[in-house]
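S.K.: here is my input, please return the structure:
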Amino acid sequence: MPNLTFYFSEEQADRCIELPAFTRTCSALCVDILAAAPDNVHIIFVTVKPGCGHPVYAELFYRLTPWRTAEVMENFMRELDLATQQAWGLMARIRCFGSPAPYPYARN
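M.R.: Residues are numbered from 1 along each chain as shown. So this is what the prediction gives:
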């Protein structure tokens with residue numbers, strides 16, 4: 001299920017290039033660290049008008065499982081932070097939200 005969304009400010013959009021390569025990196029993190037099935041990974045990029053805060057905000061929604069421990073999630077966030085800084089030179093605010101396995105209801 002992992003749904004990873006990146007929101008970046010309009011001012012930084014020109015720095016956020018090479019999206020196919022970055023998408024592959026993020027997908028690999030979801031598969032390798034979160035043990036997600038490759039076909040279940042969903043990654044999108046959204047350009048926004050900034051208010052305040054970091055120029056990049058990353059939000060992950062995922063299903064809670066016994067193997068997605070606090071340590072696993074900390075490792076995922078550390079690696080995602082590193083990938084974002086390497087790709088764009090920007091520090092992202094990263095938030096992860098876990099849902100119990102039978103939720104959320106989903107389709108497609």
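
S.K.: which parts of this structure are helices?
M.R.: 19-32, 70-88 (DSSP state H).

S.K.: please convert the ones you listed to CSV, extending it with distance to F6 and mean pLDDT.
M.R.: C-beta here means a position set from N, CA and C on the backbone, and glycine is covered the same way. Converted to CSV, the helices of the chain look like this (distance: least, CB to CB, whole Å; pLDDT from 0 to 100):
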stretch, distance to F6, mean pLDDT
helix 19-32, 8, 96
helix 70-88, 8, 96
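
S.K.: closest to I43 out of those?
M.R.: Nearest of those to I43, taken as CB to CB: helix 19-32 at 5.2 Å.

S.K.: that closest one packs against which elements?
M.R.: Judged by 3 or more CB pairs under 8 Å, 6 or more residues apart in numbering; DSSP states H and E, helix 19-32 is in contact with strand 42-48, helix 70-88.

S.K.: rewinding a little: got the helices of the chain as JSON lines, with distance to F97 and mean neighbour count columns?
M.R.: Formatted as JSON lines, the helices of the chain follow (distance: least, CB to CB, whole Å; neighbours: other CB atoms under 10 Å):
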{"stretch": "helix 19-32", "distance to F97": "14", "mean neighbour count": "16"}
{"stretch": "helix 70-88", "distance to F97": "11", "mean neighbour count": "15"}
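
S.K.: any chance of these in TSV with distance to L4 as columns?
M.R.: Listed next are the helices of the chain as TSV, based on distance: least, CB to CB, whole Å:
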stretch	distance to L4
helix 19-32	6
helix 70-88	8
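
S.K.: nearest to K49, out of the ones you listed?
M.R.: Smallest distance to K49 across these (CB to CB): 18.6 Å, for helix 70-88.

S.K.: quick one: list the elements packing against the closest one.
M.R.: Against helix 70-88 (3+ CB pairs under 8 Å, 6+ apart) you get helix 19-32, strand 56-63, strand 92-99.
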